[in-house]
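Trainee: sequence unavailable; structure follows:
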């Protein structure tokens with residue numbers, strides 16, 4: 001399962017993120033900064049473009065920018081999800 005979280009402000013978003021992490025007993029966290037000015041921009045995009053699966057639930061929080069995901073539902077069908 002992947003949870004995509006949108007918020008109207010950073011403080012609200014971080015509070016909601018922490019609440020979800022507590023409810024899901026999620027302790028891990030990665031922070032990524034993907035921007036065209038970064039040297040690794042193209043390699044990061046290629047990494048995320050490839051289809052891959054994760055064994056555990058994931059929570060995605062966008063502090064700035066947008067993200068696009070295709071996720072699989074309970075019937076293993078692809079469902080597009082975009083986070084503004």
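Mentor: Everything's here; your move. Since we're looking at a predicted model, the values are computed, not measured.

Trainee: hey, let's count contacts and neighbours off CA atoms from now on
Mentor: Will do.

Trainee: could you report the pLDDT at residue 27?
Mentor: With respect to pLDDT, residue 27 scores 82.

Trainee: quick one, strands of the chain?
Mentor: For the chain, the strands defined by DSSP state E occupy 2-5, 58-61, 67-72, 78-83.

Trainee: all the helices of this structure, in order from the start?
Mentor: 10-24, 41-49 (DSSP state H).

Trainee: what sits up against the shortest one?
Mentor: The one in question is helix 41-49. Helix 41-49 is touched from outside by 34-36, with contacts defined as C-alpha atoms under 8 Å, 6 or more residues apart in numbering.

Trainee: output the below-cut-off pLDDT ranges for the chain.
Mentor: The chain contains residues with pLDDT under 70 at 1-9, 82-84.

Trainee: repeat the analysis, applying 90 as the threshold.
Mentor: Where the chain drops to pLDDT under 90, the residues are 1-18, 20-21, 24-35, 44-74, 76-84.

Trainee: find the residue at the geometric middle of it.
Mentor: residue 60 (2.5 Å; C-alpha atoms, centre = their mean).

Trainee: quickly list what that one is bridged to.
Mentor: As for beta bridges, residue 60 partners with residue 4 under DSSP bridges.

Trainee: any idea how far it lies from residue 75?
Mentor: Applying C-alpha to C-alpha, to the nearest Å, the value for residue 60 to residue 75 is 22 Å.

Trainee: returning to what we had before: of the strands of the chain, which approaches residue 22 most closely?
Mentor: strand 58-61 (11.7 Å; C-alpha to C-alpha).

Trainee: what is the closest one packed up against?
Mentor: Applying 3 or more C-alpha pairs under 8 Å, 6 or more residues apart in numbering; DSSP states H and E, we find strand 58-61 packed against strand 2-5.

Trainee: do that again at 10 Å, thanks
Mentor: Packing contacts for strand 58-61, counted by 3 or more C-alpha pairs under 10 Å, 6 or more residues apart in numbering; DSSP states H and E, involve strand 2-5, helix 10-24.
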